[in-house]
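Engineer: Pasted the sequence and its predicted model underneath.
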There are 2 protein chains.
Amino acid sequence: MTAGSLSPHTLMIRKLESTFTFADEEKQALQNLPIQVTNLKAGRDIVRVGDRPSQCCLILEGFSCVYKLTSEGKRQLVALHVPGDIPDLQSLHLEVMDNSIALISPCTVGFIQHEDLRCVCERYPRLTAAFWRETLVDASIFREWLLNNGRREAYTRMAHLLCEFLMRLKAVGLVEDDAFDLPITQVELADAIGTSSVHVNRVLQALRGDGLVQTKGKQVIVPDWEKLKEAGDFDPLYLHLEDVGAARSPAVA
Amino acid sequence: MTAGSLSPHTLMIRKLESTFTFADEEKQALQNLPIQVTNLKAGRDIVRVGDRPSQCCLILEGFSCVYKLTSEGKRQLVALHVPGDIPDLQSLHLEVMDNSIALISPCTVGFIQHEDLRCVCERYPRLTAAFWRETLVDASIFREWLLNNGRREAYTRMAHLLCEFLMRLKAVGLVEDDAFDLPITQVELADAIGTSSVHVNRVLQALRGDGLVQTKGKQVIVPDWEKLKEAGDFDPLYLHLEDVGAARSPAVA
DNA sequence: CGAGCTTTTGAACGCAGTCAACAATTGTGG
DNA sequence: CCACAATTGTTGACTGCGTTCAAAAGCTCG
């Protein structure tokens, strides 16, 4: 089952419901949200720095990235998004885009008007909280990337990024038998972990050599999750995938 | 006039009002928000990874930092906060803390119960939007730091960080004559820009040598703002300090 | 099947880290 | 108010992770 087989609304609701429980009325409101679905080619920019969007985009199929450029033209990816994500949800409350968003693979994208989102949020505060939370998880991932790129060496960094992909894709049902498709070039991986693409190539060879990942074309296979986690110094806490579950067993007083 | 001379509520309201306009009723609701004020010593952790706080903290005076550690014990600051900031506002919707917060100088801190915040947000959706926006600006700063630490060299990175300090402190009235107090050690600066403290020392010497900054004890003086901005490849867009004003003069169609 | 990406490889270089020692500053208790 | 302790800042020498440049080999796709 791929994420693509779900309707846009169902995909969105499932994602939000992983940590919130909605009333039927709230779900219905989401179901009625107008979403304009489009297929777009890889490489295309969805929004650019300086834009003032009047809509958000929901990734339905494919991968997108959020990036920024230095004045010298050096590129840094600050986020990668998978189906179910809303890469520019921030634009709901930040007038001007401070980053660009590009598609790193052919994508099916759904556009939702700010107006419609604001409407539904105003009526249902729990939905506001759910969307707000989405942006907070994004922020948490930024923080982890800052740690990863700032204080880990390239080998560990790459392992960490692969761990994150595995977890996030698993959460939307895009992992089977510890394998997933990763349609991303080494140049893009380099821009994500802040190294040169040449070094990415060498680090990937090392990871393959150590038996931590196998690759078949665009497919990535993780033969030993525990070993990759250790190599990547990976703790999934920052993805906040199970806060609610955790909340049910409160910390010892 | 220092930020410390304002009441906690006034400081918070001023900050939120820089981009929102509130009705008297909304301001009154904020004024009535219970805030427990405390003075705390430098170096103290306010919250730690894994905590499940039931309150947020508002910095009233002094500086705090948000940090994360690798399993090897290497530290990365992912954010620095100045008076008016709420470093752990995320905890309102993320059950478990994914980072720790420490005071880098003696601070006056105000604690606000989640319950009270949720209450006021529920009643006044515009306040929800204002707080949500605060967390989105935090996220925008994370993104810029990712670019800064990932794709700029140490000299530029440091200049950029100093530019950010100047702008953010100016926004809360803590800059006079292009000078501000920066009670932060070189070790902490190193942890912020992801280098060694030895290198921070050398980079600071270079910046001083190039006449971009002067230091007198904890005080930083910026003799030529334009030059520092250029050296730091700094564009204040990401701070979103003037989105509303910008919105009044919409982009050319 | 050729054009254009993408991946791979090698070699030289350089930014920044590490280690270690010392100087300066700040803080503290007598 | 001084003396001592502790923290912070500074310097030098050596090392190394990762960059840069350039070229070749492999893929993908019209």
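Structural biologist: Thanks, I have it. Residues are numbered from 1 along each chain as shown, chains lettered A, B, ... in the order given.
Engineer: Can you report how many residues neighbour the nearest residue to A:D177 once chain neighbours are set aside?
Structural biologist: For A:D177, ignoring the flanking residues on the chain, the nearest one in space by CB to CB, 6 or more residues apart in numbering or on different chains is A:I221 at 8.0 Å. For the C-beta atoms, the positions are set from N, CA and C on the backbone; glycine is no exception. In terms of burial, A:I221 registers 12 neighbours under the definition other CB atoms under 10 Å in any protein chain shown.
Engineer: repeat for the one 3 residues further on
Structural biologist: When counting by other CB under 10 Å, one arrives at 14 neighbours for A:D224.
Engineer: Equivalent analysis for A:E72, please.
Structural biologist: A:E72 is surrounded by 9 other residues when neighbours are defined as other CB under 10 Å.
Engineer: show me what contacts it?
Structural biologist: Applying CB atoms under 8 Å, 6 or more residues apart in numbering or on different chains to A:E72 gives the contacts B:D233.
Engineer: List the contacts of the residue nearest to A:D177.
Structural biologist: Applying CB under 8 Å, 6+ apart, we find A:I221 in contact with A:D177, A:D178, A:A179, A:V213, A:Q214, A:T215.
Engineer: What about those, which are in strands?
Structural biologist: When the contacts of A:I221 are checked against strands using DSSP state E, the ones located there are A:A179, A:Q214, A:T215.
Engineer: From the residues you listed, list the buried ones, please.
Structural biologist: Neighbour counting by 16 or more other CB atoms under 10 Å in any protein chain shown classes A:A179 among the ones in strands among the contacts of A:I221 as buried.
Engineer: With distance to A:C163 and pLDDT as extra columns, can I get the ones in strands among the contacts of A:I221 in a markdown table?
Structural biologist: What follows is the ones in strands among the contacts of A:I221, written out as a markdown table (distance: CB to CB, whole Å; pLDDT from 0 to 100):
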| residue | distance to A:C163 | pLDDT |
| --- | --- | --- |
| A:A179 | 14 | 96 |
| A:Q214 | 15 | 95 |
| A:T215 | 15 | 93 |
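Engineer: And the residue nearest to A:D177, how far from A:T215?
Structural biologist: Separation of A:I221 from A:T215 (CB to CB, to the nearest Å): 7 Å.
Engineer: can you check A:G84 too?
Structural biologist: Noted for A:G84: a distance of 24 Å to A:T215, by CB to CB.
Engineer: before we move on, what about A:L103?
Structural biologist: A:L103 is 22 Å from A:T215, where distance means CB to CB.
Engineer: just A:M12 next, same as before
Structural biologist: With CB to CB as the criterion, A:M12 and A:T215 are 31 Å apart.
Engineer: Widest-spaced pair of the contacts of A:I221?
Structural biologist: Taking CB to CB as the measure, the contacts of A:I221 span a maximum distance of 14.8 Å, between A:D177 and A:T215.
Engineer: Just give me the residue right at the centre of chain A.
Structural biologist: Centroid check for chain A by CA atoms, centre = their mean gives A:H81 as the closest residue, at 3.0 Å.
Engineer: Get me the contact residues on chain A for DNA strand C.
Structural biologist: Chain A has residues A:T185, A:Q186, A:V187, A:S197, A:V198, A:N201, A:R202, A:L204, A:Q205 near DNA strand C, with proximity defined as CB under 7 Å from any atom of the strand.
Engineer: now, among these, which is nearest to DNA strand D?
Structural biologist: A:V198 (3.5 Å; CB to the nearest atom of the strand).
Engineer: Find the nearest non-adjacent residue to A:V66, please.
Structural biologist: Distance criterion CB to CB, 6+ apart; nearest residue to A:V66, sequence neighbours excluded, is A:A79 at 4.0 Å.
Engineer: In its sheet, which strands sit next to whichever strand or helix holds that neighbour, and in what direction?
Structural biologist: Here A:A79 sits within strand A:75-81, counting by DSSP states H and E. Applying DSSP bridges to the sheet, strand A:75-81 is found paired with strand A:64-69 (antiparallel).
Engineer: in stretch A:179-190, what's buried?
Structural biologist: Buried residues in stretch A:179-190, counted by 16+ other CB under 10 Å: A:A179, A:F180, A:D181, A:L182, A:I184, A:E188, A:L189, A:A190.
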